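K.L.:
Give me a 3D structure for the following:
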Amino acid sequence: MLHTSPSAKRIHLTRHAQAEHNVANDYSIPDAPLTELGKTQARELHNMSKDSVQRTADLLVCSPLRRPMETMLLGYPSLKSRLDREGKPVILLDILQEVGPYPCDTPTTPISALKAANGGIFSSLDFSTLSPEYASKRGIYHPDRASERARQARRWLRDRPEAEIVVVAHGDILRYIADGQNSSRPWDNAETKVFTFHSSSDDNAGLVEIAHHAKPKDATDEPTSSEM
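P.N.:
Okay, here's the model as predicted:
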């Protein structure tokens, strides 16, 4: 695959659908799963994207927490199936995990428990991409290193050869990725914003938003853990 110019890339950043901790404002819920409304939002995400980005995207990337993975499975099933047939399975990227140190923002561990979570719906995903420290909240995963982690994620996305990439993650880390900080940028549950890169030489791999945001009609604006 030929590499695409960074300024020609399209990066679709999607926040996960509504999860239990969003509704309860309770960051003690371990690796919080989607609510029933969240599942509905994710299915609406599928309906609004099945004839557009799911037909054209070259890569699907996801945070390894339950709520983005379930959002990805329900929201982008056509894209996942097509890429699976092309030999390009979903990439679980652990630096996309949420910023906070709380149980709701910490991935389930060990991997065997994560595979078995939610009735086993994640069992077919490839977890080999995860670092042994993926759930430690230490090192690059420490909340104080969110800016650097977001920079690594941007550079990783910029260096990929694909022209159009869908990313499913969390509100706070998406703000760091989009703005380099935990900005005031609004990001509803199940909302997608489209970005490209300023240039190929920017050391920070800065992004610029290029398309109006899209979200299901039932998208909700519950807070991220940093806003609770």
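K.L.:
So which bits of stretch 123-134 are buried?
P.N.:
Leu125, Phe127, Leu130, Tyr134 (16 or more other CB atoms under 10 Å). For the C-beta atoms, the positions are set from N, CA and C on the backbone; glycine is no exception.
K.L.:
and it, how far from the chain's centre?
P.N.:
15 Å (CA atoms, centre = their mean, to the nearest Å).
K.L.:
now stretch 50-62
P.N.:
13 Å.
K.L.:
ditto for stretch 56-65
P.N.:
7 Å.
K.L.:
now do stretch 78-92
P.N.:
On CA atoms, centre = their mean, the centre of stretch 78-92 falls 16 Å from the chain's centre.
K.L.:
Let me know the average pLDDT across it.
P.N.:
For stretch 78-92, mean pLDDT rounds to 98.
K.L.:
try stretch 127-144
P.N.:
98.
K.L.:
Contacts for that stretch, please.
P.N.:
64, 91-95, 97, 99-101, 106-109, 111, 114-115, 145, 148-149, 152 (CB atoms under 8 Å, 6 or more residues apart in numbering).
K.L.:
would you say Ser81 is within a helix?
P.N.:
Yes. Counting by DSSP: H, G, I helix; E, B strand; the rest coil, Ser81 is found in a helix.
K.L.:
Please work out how many residues are found near it.
P.N.:
Ser81 has 11 neighbours, counted by other CB atoms under 10 Å.
K.L.:
Quick check: Gly100 touching Ser226?
P.N.:
Yes. Judged on CB atoms under 8 Å, Gly100 makes contact with Ser226 at a distance of 6.2 Å.
K.L.:
list residues touching both of these two?
P.N.:
Common neighbours of Gly100 and Ser226 (CB under 8 Å, 6+ apart) are Asp172.
K.L.:
who has more neighbours, these two?
P.N.:
More crowded of Gly100 and Ser226, by other CB under 10 Å: Gly100, with 20 against 17.
K.L.:
Helix, strand, or coil at that one?
P.N.:
coil.
K.L.:
any idea how far it is from Asn182?
P.N.:
Applying CB to CB, to the nearest Å, the value for Gly100 to Asn182 is 10 Å.
K.L.:
which neighbours do those two share?
P.N.:
In contact with both Gly100 and Asn182: Asp172, Ser226, using CB under 8 Å, 6+ apart.
K.L.:
Using PDB, list the CA coordinates for the longest strand belonging to the chain.
P.N.:
Using DSSP state E to define each element, the chain has its longest strand at strand 207-214. Extracted C-alpha coordinates of strand 207-214, given in PDB (Å, rounded to 0.1, in the frame of the first residue of the first chain):
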ATOM      1  CA  LEU A 207      -4.500  17.800  13.600                       C
ATOM      2  CA  VAL A 208      -7.000  20.200  12.100                       C
ATOM      3  CA  GLU A 209     -10.700  19.500  11.900                       C
ATOM      4  CA  ILE A 210     -11.900  19.400   8.300                       C
ATOM      5  CA  ALA A 211     -15.500  18.200   8.400                       C
ATOM      6  CA  HIS A 212     -18.600  19.000  10.400                       C
ATOM      7  CA  HIS A 213     -19.200  16.600  13.200                       C
ATOM      8  CA  ALA A 214     -21.700  13.800  12.800                       C
END
